[in-house]
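Asker: Model the structure of this input:
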Amino acid sequence: MPAPDDDKLRYQMLGDDGLTEEERLRKYTGPVSYDYLLGPLRNGVLVVVHEALDLADVGMAFIRDDRRRVQAWLDEELLVKADEETFEKREGAEAYTAVVVSPFVLVR
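Answerer: Next up, the predicted model:
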């Protein structure tokens, strides 16, 4: 019989650098270009975070496996899985702000 934690989503920040989850989230959040996001976009793991939400709060909800909050945001379309047809392409090296919460990339 599976242990109770076997159904956890196990999303996590990249790296094992001794930092707290909050510190790692800040460290790995930053400006990115469209080209950086192209791989996650094509792989179906790019999630657009609505401007009404704080990117760090969303990242922490993923890391802490807060399914209730994440599902509420999905239901309200405050989180949307991006696709190539609808994702807005912007120019510039700092056109977006993103954070990797493996396996997803959260972007604003």
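
Asker: Just checking: what are the partner strands of the host helix or strand of G30?
Answerer: Element membership of G30, judged by DSSP states H and E, is strand 29-32. Using DSSP bridges, strand 29-32 pairs in its sheet with strand 96-102 (antiparallel).

Asker: can you pull the buried residues of the strand it pairs with?
Answerer: Neighbour counts over strand 96-102 (16 or more other CB atoms under 10 Å) mark 96, 98-101 as buried. Using the backbone N, CA and C atoms, a C-beta is placed for each residue, glycine as well.

Asker: from the chain's centre, how far out does that strand sit?
Answerer: Computed by CA atoms, centre = their mean, to the nearest Å, the separation of strand 96-102 from the middle of its chain amounts to 5 Å.

Asker: Going C-terminal from that strand, what's the next secondary structure element?
Answerer: Downstream of strand 96-102, the next assigned helix or strand under DSSP H and E is strand 104-107.

Asker: Please identify the buried residues of that next one?
Answerer: 104-107.

Asker: Within the sheet, what are the partner strands of that strand, with directions?
Answerer: Strand 104-107 sits in its sheet next to strand 46-49 (parallel), strand 96-102 (antiparallel), going by DSSP bridges.
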